[in-house]
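A.B. asks: Sequence first, then the predicted structure:
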Amino acid sequence: MVSTKVNLCGIELDNPIIPASGTFGFGYEFADLYDINRLGTFSFKGTTRDERFGNPTPRIAECESGMLNSVGLQNPGVEKVISHELPKLRECFNKKVMANVSGFSIEDYAYTCEKLNDQDQIGWFEVNISCPNVHGGGLAFGTNAKNAAEVTKAVKKVTTKPVFIKLSPNVTDITEIAKACEAEGADGVSLINTLLGMRIDLKTKKPILANKMGGFSGPAIKPVALRMVYQVYDAVKIPIIGMGGVETAEDVIEMMLAGATAVQVGAANLVNPYACRDIINMLPKTMEKYKINDLKDIIGGAHNG
Amino acid sequence: MVSTKVNLCGIELDNPIIPASGTFGFGYEFADLYDINRLGTFSFKGTTRDERFGNPTPRIAECESGMLNSVGLQNPGVEKVISHELPKLRECFNKKVMANVSGFSIEDYAYTCEKLNDQDQIGWFEVNISCPNVHGGGLAFGTNAKNAAEVTKAVKKVTTKPVFIKLSPNVTDITEIAKACEAEGADGVSLINTLLGMRIDLKTKKPILANKMGGFSGPAIKPVALRMVYQVYDAVKIPIIGMGGVETAEDVIEMMLAGATAVQVGAANLVNPYACRDIINMLPKTMEKYKINDLKDIIGGAHNG
Amino acid sequence: MTQGIYKILYNFALTDTVYSMVLEGNTSALIAPGQFVNIKLEGKFLRRPISVCDFNDKTITIIYKVVGEGTAQMSKMKAGETLDVLVGLGNGFNPEKAGEKPLLIGGGVGIPPLYNLCKELLKMGKKPTVILGFNTKSEIFYDKAFKELGVDVIVTTVDGSQGVKGFVTDAFPEDYDYFFTCGPMPMFKAIEKVAKTSGQYSFEERMGCGFGACMGCSCKTKYGNKRICKDGPVLYREEIIW
Amino acid sequence: MTQGIYKILYNFALTDTVYSMVLEGNTSALIAPGQFVNIKLEGKFLRRPISVCDFNDKTITIIYKVVGEGTAQMSKMKAGETLDVLVGLGNGFNPEKAGEKPLLIGGGVGIPPLYNLCKELLKMGKKPTVILGFNTKSEIFYDKAFKELGVDVIVTTVDGSQGVKGFVTDAFPEDYDYFFTCGPMPMFKAIEKVAKTSGQYSFEERMGCGFGACMGCSCKTKYGNKRICKDGPVLYREEIIW
């Protein structure tokens, strides 16, 4: 019998499968489809200090093997997340959840994380310093090592749970930013967030997205994600949550071989609402096919020799 | 009757279709398949000062909607290009060709370009400062505005033909680098070169490429290419040669709406050796479908209003 | 919502660009007229949301317009082939709100969801009037299907090539006590100007998932943000912010 | 090289993992034994290069092993379906170089290209001996096909479950004056150690285009760089750098 268990900063996960923030809401809607307690955990919808509607529509554009989104952090704000969303989640999810937090200033990040820190349902923070859809917002932090370090420092000061910093791939050297976060006490990093992309409508001759550019996700970006996870694994000692185009159990194994301790599944949830359940079902059989007994053993395996 | 003509730095092209460097050799081998004089022009195999074998094999890995390559600038060196390749090309191609040049130092670039400058077959230079497959080589130049400017300056000093600088997408801000090249007299920029990517073989648990990482090309990268062409169009006044995942006449139009004056076709040539011929055949019909009479009119069209 | 593999029983053209497809499979998730399905197509990343025209305990009828590669691909599929479909998406129309004489207003490919609604209203003993708007005669479809239900059907064409010349609003009857509509935004704006009663509008938006997960199709209403795919596509006139 | 749409006449399993497919279409570009074709598969970006086992003026026979998604997809295709194929790739073997008693050495899925070569050598009046190497009995294929050509066939299996126990090199005859081989690298290295004559090796490499454009499959030889796909896949023993 193979083992799919992994340990993420002191909390054991039954498996490394984590639905990515923004593709799984606050979980309870997926609970109507399958038992979400089968997941390793999930990262809830990016939460900000205040309620946000996000960007104008259209917010979605299709691409070859992927999609663009420019949702722009629509969320009810941290107060309502605590008063409405977490209680609803408690009714269908008995594991620790990952709190995904975004902001527009160091203070925002600290404020929102501090508010959420007392919630016993929360096991980890995932601080998104890389959302490409917010003008003058999150992006700046994620593409600059100094800002990334400052956010990390501020959040660590007000939290007692493990903090993962979610990094942008739209940078010249992601390892420099990962190292800056590690130096300020980040417990881990998640990567990659979406690539900044664009599509143009040939009929209207205008960008498809009202916001013009959006975050590119899906299988198309997997090779870039694998490369960055591989690079960051060499650069830091803290655990990596790998993501980017993961759709199958094979993809999960490939991402872990590159250096991921856990793996997030994003766009795939939007095409197949049962994607994570299906991956978890396939994982043991796939491990046997590739002669893997304990998933923990393959983390960073592609770096050997 | 629609017009597909575009003007690239004073030289009129019958159409904007240009096979990308590294996917079309020195042209004459494709001349056995179709009349390559139907092309706008093509960019010949990246040429360096000295002969290069390139990286060890495997150099190719497949991805969803794309591929990785780590060829590493295999070429016979500038002397043999002048003595053997260009004479062979002259027998089957009566248009100006684009000379793609790479190097490992400012001096390399200047030396190779100066050697090629006298060749009457050459219409433009395309200086590749962004090949991701050469350790400590081309990449450094392409990801740093100061180096990009220096290469541009050195090449402009020794050449009399229009110089395009081929930019790397693996940067935080491509517009900063494009502006640096423009400031030093670049006549145009071509973008994007390949994204740096990786694939891992689940059976061997090692990277598929002997070089570990490679350049990611194909339809998968098109949204990133469109975004960068759109951004650079806003940042500079010099013409842009757009490339990245172009496979169809629709893709050509989308790239031109983003801001490209001409469009390169890369990976598509490797899957369908007749790709460029097919695109050129489809272009007039496709223009009519989208009510375009003169292709020149749509350059940067997505920026209007 | 259910996910399943559905078998194509029929797939044929109603006009040059509008097709009708009948799918066989589990329909238990369909609980109201005006809901939609979301179809996975080979080689396309996102599913294609298509409104349900009619359904029974074994089959679903959808009517779609060929607007891009995806729908063109669908139009080439043959009986016997199968599709991966999410069924029972969206809130659908609420016929309970209708009075005795509801008005159904459809524009082009917005017409199909009104068909099953019309059947429901008749079952409830109401007397619907149906206005079907098209650009020109060659685009007309389903006018006979509605007539066969035994309701008054008014066809309008912009060029006057058949029926009333002009827009659906040029054919509004005097006597109606509620309305349901689906169609293009300009038609909605025109209806909003002339309509004298309450009503329900079925909206379109580019969707990511189609089941409420991605927030791709959100809109603002007087009662807060709603997701067209899950809280819609049908919104009440009273809550819409134009 | 020609590009064309080829119709599948047959596609059946020879062993658990090895399949034989017969394609109908233009074969004029095939000019030597040991050339290969490059096949486009739905949903896969790169083509799949497969060596030609045999061909005539109307059909091409290829034998392929299911090693990944692409070949698995091929194995599920049915007669009547069509494939986009580049035909006539690579240099192929040069039978002219052979003496009177050539030795043909094939390992596993490297065996197929030797079949058409064997026929050519027989046409030229030569007396080939064929050694076919496998891991075990259940993997054996095409031994009878070669025997039916009327040549001496020696089968070797690593586990001795059939024929000579061991590797192809354990079955080398005393009397041969030239050799042709195709198979895995370890087999090549073993042959290189024991072979007493000149010969030709057919190599494998991950390819981008398959027709010499991308430099993806280059190798160094004593006479300069060569592209396995275009200047190869067959190299002369004299030029190979091991």
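C.D. replies: Cool, got the structure. Numbering: from 1, shown residues only, chains lettered A, B, ... in the order given.
A.B. asks: how about the helices in the stretch 101-250 of chain A?
C.D. replies: For the stretch 101-250 of chain A, applying DSSP state H, counting those that start in this stretch gives helices covering A:106-117, A:138-142, A:145-158, A:174-183, A:222-235, A:249-258.
A.B. asks: worst average pLDDT in those helices?
C.D. replies: Mean pLDDT across the helices of the stretch 101-250 of chain A is lowest at helix A:138-142; the value there is a mean of 65.
A.B. asks: Figure out which of the helices of the stretch 101-250 of chain A is closest to chain D.
C.D. replies: Judged by CB to the nearest CB, the one of these that comes nearest to chain D is helix A:249-258, at 9.5 Å. Using the backbone N, CA and C atoms, a C-beta is placed for each residue, glycine as well.
A.B. asks: got the CA positions of stretch A:218-238 in PDB?
C.D. replies: Below are the C-alpha coordinates for stretch A:218-238, written out as PDB (Å, rounded to 0.1, in the frame of the first residue of the first chain):
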ATOM      1  CA  GLY A 218      -3.800  26.000 -17.500                       C
ATOM      2  CA  PRO A 219      -1.600  23.200 -18.900                       C
ATOM      3  CA  ALA A 220       0.100  25.600 -21.200                       C
ATOM      4  CA  ILE A 221       2.100  27.200 -18.400                       C
ATOM      5  CA  LYS A 222       3.300  23.900 -16.800                       C
ATOM      6  CA  PRO A 223       6.800  23.900 -18.300                       C
ATOM      7  CA  VAL A 224       7.400  27.400 -16.900                       C
ATOM      8  CA  ALA A 225       6.100  26.300 -13.500                       C
ATOM      9  CA  LEU A 226       8.200  23.200 -13.400                       C
ATOM     10  CA  ARG A 227      11.300  25.200 -14.300                       C
ATOM     11  CA  MET A 228      10.700  27.800 -11.600                       C
ATOM     12  CA  VAL A 229       9.900  25.200  -8.900                       C
ATOM     13  CA  TYR A 230      13.100  23.400  -9.900                       C
ATOM     14  CA  GLN A 231      15.100  26.700  -9.600                       C
ATOM     15  CA  VAL A 232      13.600  27.800  -6.300                       C
ATOM     16  CA  TYR A 233      14.200  24.300  -4.800                       C
ATOM     17  CA  ASP A 234      17.900  24.800  -5.400                       C
ATOM     18  CA  ALA A 235      17.800  28.300  -3.900                       C
ATOM     19  CA  VAL A 236      15.900  27.900  -0.600                       C
ATOM     20  CA  LYS A 237      15.500  25.400   2.200                       C
ATOM     21  CA  ILE A 238      11.800  26.100   3.000                       C
END
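A.B. asks: anything in that stretch near chain D?
C.D. replies: No: counting by CB under 8 Å from any CB of the partner chain, chain D has no neighbours in stretch A:218-238; the shortest distance is 10.9 Å.
A.B. asks: chain center to that stretch: distance?
C.D. replies: For stretch A:218-238, the separation from the chain centroid amounts to 13 Å (computed by CA atoms, centre = their mean, to the nearest Å).
A.B. asks: What of stretch C:81-100?
C.D. replies: Relative to its parent chain, stretch C:81-100 has a centroid offset of 9 Å by CA atoms, centre = their mean.
A.B. asks: For the helices of the stretch 101-250 of chain A, give me JSON lines that also has mean neighbour count.
C.D. replies: Shown next, in JSON lines, are those (neighbours: other CB atoms under 10 Å in any protein chain shown):
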{"stretch": "helix A:106-117", "mean neighbour count": "20"}
{"stretch": "helix A:138-142", "mean neighbour count": "24"}
{"stretch": "helix A:145-158", "mean neighbour count": "20"}
{"stretch": "helix A:174-183", "mean neighbour count": "22"}
{"stretch": "helix A:222-235", "mean neighbour count": "25"}
{"stretch": "helix A:249-258", "mean neighbour count": "26"}
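A.B. asks: Against residue C:112, how distant is residue C:121?
C.D. replies: Per CB to CB, to the nearest Å, residue C:121 is found 16 Å from residue C:112.
A.B. asks: Which residue of the two possesses the greater neighbour count?
C.D. replies: Between residue C:121 and residue C:112, residue C:112 has the larger neighbour count (other CB atoms under 10 Å in any protein chain shown), namely 29 against 25.
A.B. asks: Surely the more buried one touches residue C:65?
C.D. replies: No: checked against CB atoms under 8 Å, the pair residue C:112 and residue C:65 is beyond contact range at 9.8 Å.
A.B. asks: residues in contact with the top strand by length along chain A?
C.D. replies: In chain A, taking DSSP state E as the definition, the longest strand is strand A:122-128. By CB atoms under 8 Å, 6 or more residues apart in numbering or on different chains, the residues outside strand A:122-128 that reach it are A:8-9, A:11, A:21, A:41, A:43, A:46, A:95-102, A:109, A:113, A:116, A:138, A:151-152, A:155, A:159, A:161-166, A:187-188, A:190, A:193, A:241.
A.B. asks: So what sits opposite residue A:19 in the bridge?
C.D. replies: residue A:265 (DSSP bridges).
A.B. asks: And for chain C, the residue most distant from the center?
C.D. replies: Within chain C, the residue lying farthest from the chain centre (CA atoms, centre = their mean) is residue C:43, at 26.0 Å.
A.B. asks: Not including adjacent chain positions, what is the nearest residue to that one?
C.D. replies: residue D:43 (6.2 Å; CB to CB, 6 or more residues apart in numbering or on different chains).
A.B. asks: residue contacts, the one you found?
C.D. replies: Counting by CB under 8 Å, 6+ apart, the residues that residue D:43 touches are C:42-43, D:73.
A.B. asks: So which of the residues you listed is the closest to residue A:224?
C.D. replies: When these are ranked by distance to residue A:224 (CB to CB), residue C:43 comes first, at 21.6 Å.
A.B. asks: and the lengthiest strand in chain C, anywhere near chain A?
C.D. replies: If each strand of chain C is counted by residues according to DSSP E, the longest one is strand C:2-13. Yes: Strand C:2-13 lies within reach of chain A by CB under 8 Å from any CB, at residue C:3.
A.B. asks: Also stretch C:198-214?
C.D. replies: Yes: against chain A, stretch C:198-214 shows contacts by CB under 8 Å from any CB at C:205-209, C:211-214.
A.B. asks: chain center to that stretch: distance?
C.D. replies: 12 Å.
A.B. asks: Show me what the mean pLDDT comes to for that stretch.
C.D. replies: On average, the pLDDT along stretch C:198-214 is 94.
A.B. asks: What of stretch C:63-83?
C.D. replies: Stretch C:63-83 shows a mean pLDDT of 96.
A.B. asks: Pull the residues that contact that stretch.
C.D. replies: Applying CB under 8 Å, 6+ apart, the contact partners of stretch C:63-83 are C:5-11, C:13-14, C:17-21, C:23, C:39-44, C:48, C:50-51, C:53, C:108-109, C:111-112, C:141-142.
A.B. asks: and with 7 Å instead?
C.D. replies: With contacts defined as CB atoms under 7 Å, 6 or more residues apart in numbering or on different chains, stretch C:63-83 is touched by C:5-11, C:14, C:17-21, C:23, C:39-41, C:44, C:48, C:50, C:53, C:109, C:112.
A.B. asks: which of those count as buried?
C.D. replies: C:6, C:8-9, C:11, C:14, C:17-21, C:23, C:39-41, C:44, C:48, C:50, C:53, C:109, C:112 (16 or more other CB atoms under 10 Å in any protein chain shown).
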